[in-house]
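J.: return atomic coordinates for the entry below.
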Amino acid sequence: MVYLDNAATSRKKPFSVYFTILKETLLSANPGRGGHRAALSAAMKIEEVRSIVRKRFMDGEVVFTKNCTEALNLAFTARLTHRKVITTSVEHNSVLRPLKRMETMGKIDLIIVDPTVEAFSKAVDRATGMVVIGAVSNVTGKKSPVEEICDIVRKKSDALIVIDGAQSAGKIDIDLKNADMFATSGHKSLLGTQGTGFLIVKRGVVLEPLITGGTGSSGAVIDVPKDIPEGMEAGTLNGPGIIALGKAIEYAFRRKKKIVAKENACARLFVQLLSKEKRIVIYSCQNGVVLCNVKGMQPSEAADVLSVKYRVYVRSGLHCAPLMHKKLGTLSDGAIRISFGNNNNFIQVLYAAYALKKICRERNGKSVRGI
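T.: Next up, the predicted model:
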């Protein structure tokens with residue numbers, strides 16, 4: 001089996017992650033929900049992970065979430081001084097859908113522009129309340145000019161700046177000095193487990209809780225606490241996942257250069273091997289992600305053949321980014337996304353390219369049924 005869907009979730013985790021999940025699950029202590037030694041130890045370990053996150057990304061309050069989508073939705077509850085919110089046409093639906101919903105509810109005025117310095121220079125003004133930028137496209141792997149856009153926003157407004165780092169965290173260094181909030185998941189290039197993510201919030205930003213309930217503090221009153229992070233983390237946290245995420249982040253950053261170099265080398269070799277195949281359309285090859293299609297064949301059909309016949313697992317479709325596919329001209333059917341990770345090697349690249357070539361040369365490129 002060759003797993004090439006690392007942009008969705010990374011397959012190979014460090015041993016320390018597996019060990020920590022097992023260890024903390026066996027301990028089963030509830031952080032912040034008791035004064036006994038085990039509960040206090042769990043709470044201290046989670047605070048250590050907050051420190052790791054601040055060290056590796058930016059200073060601020062760290063709110064743990066179950067994924068990047070939850071972190072972004074929490075960021076969008078921020079108190080704004082102006083209604084105008086600007087985002088880009090390459091964003092994931094975890095950005096576009098919450099903002100569109102807010103616009104429909106009459107809470108904001110949404111402006112969608114291209115992810116360029118020129119577009120933001122024209123769109124941002126003193127009436128801008130928030131700017132949301134995805135650091136790296138989940139469709140093409142292309143990095144947006146985040147730092148330059150943030151500079152423009154800071155010069156022209158007092159808008160809050162939210163960075164979606166789902167595809168950049170652990171892979172690409174982003175200067176977050178001008179960011180007010182940074183959201184990401186833990187299970188992609190940070191090499192943590194599913195069910196983990198976080199939002200970093202600069203002090204002074206006011207948020208509303210997404211859910212309310214027990215927080216382990218302010219237990220004497222039924223008024224909703226809004227302090228950060230406690231007021232934003234109602235209910236029991238994913239202690240084992242968060243503590244393991246700390247181990248994963250440290251591993252990912254220690255080996256980041258080596259892992260990224262391998263991912264990029266795999267992607268370049270894959271494209272090179274397919275460069276003379278006339279039925280293959282390559283749209284992009286950036287940051288370990290290759291976006292392509294087989295002429296005359298639905299992306300879902302090609303991915304199905306790869307999965308069933310060759311056991312090569314890739315992602316097909318619109319990848320939850322419809323505006324990006326509209327820009328690429330692939331909105332009707334989507335495309336095949338092949339994303340390399342720490343789990344891949346050059347032998348797997350050769351095999352995956354061979355499998356795609358075989359698909360191209362099969363008679364009529366028809367279905368896998370019966371294979």
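J.: show me how far stretch 109-120 is from its chain's centre.
T.: 20 Å (Cα atoms, centre = their mean, to the nearest Å).
J.: could you list the residues in contact with it?
T.: 83-90, 96, 99-100, 102-103, 122-123, 131, 133-134, 144-145, 148-149, 152-153, 323 (Cβ atoms under 8 Å, 6 or more residues apart in numbering). Using the backbone N, CA and C atoms, a C-beta is placed for each residue, glycine as well.
J.: derive a ChimeraX selection command for the buried subset of those.
T.: Command for ChimeraX, covering only those of the contacts of stretch 109-120 found buried under the criterion 16 or more other Cβ atoms under 10 Å:
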select :83,84,85,86,87,88,89,90,96,99,102,123,131,133,134,144,149,152,153,323
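J.: show me the contacts of stretch 109-120 that map onto strands.
T.: 84-88, 131, 133-134 (DSSP state E).
J.: check what pLDDT the closest residue to Leu207 other than its chain neighbours gets.
T.: In space, and not counting its chain neighbours, Leu207 is closest to Thr77: 5.1 Å by Cβ to Cβ, 6 or more residues apart in numbering. Looking at Thr77, its pLDDT stands at 98.
J.: can you check Pro31 too?
T.: The model's pLDDT for Pro31 equals 87.
J.: ok, Ser367 next?
T.: Here, the pLDDT recorded for Ser367 equals 45.
J.: the most centrally placed residue in the chain: which element?
T.: Centroid-nearest residue in the chain, with Cα atoms, centre = their mean: Ala166, separated by 1.8 Å. Following DSSP states H and E, there is no helix or strand that holds Ala166.
J.: dump the residue contacts of the nearest residue to it once chain neighbours are set aside.
T.: Excluding the flanking residues, the one nearest Ala166 by Cβ to Cβ, 6+ apart is Cys68, at 4.3 Å. For Cys68, the contacting residues are 94, 164-166, 183-185, 197, by Cβ under 8 Å, 6+ apart.
J.: the stretch 151-300 of the chain: strands as residue ranges?
T.: 160-164, 181-185, 197-201, 280-286, 289-294 (DSSP state E, counting those that start in this stretch).
J.: low-confidence ranges in this structure?
T.: 216-220, 363-371 (pLDDT under 70).
J.: for it, just list every one of the helices.
T.: 15-27, 37-56, 68-75, 93-104, 117-123, 146-156, 239-254, 256-274, 299-308, 322-328, 346-361 (DSSP state H).
J.: need those helices in TSV (columns: distance to Cys292).
T.: Output for the helices of the chain, formatted as TSV (distance: least, Cβ to Cβ, whole Å):
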stretch	distance to Cys292
helix 15-27	31
helix 37-56	33
helix 68-75	25
helix 93-104	22
helix 117-123	27
helix 146-156	26
helix 239-254	27
helix 256-274	8
helix 299-308	9
helix 322-328	11
helix 346-361	8
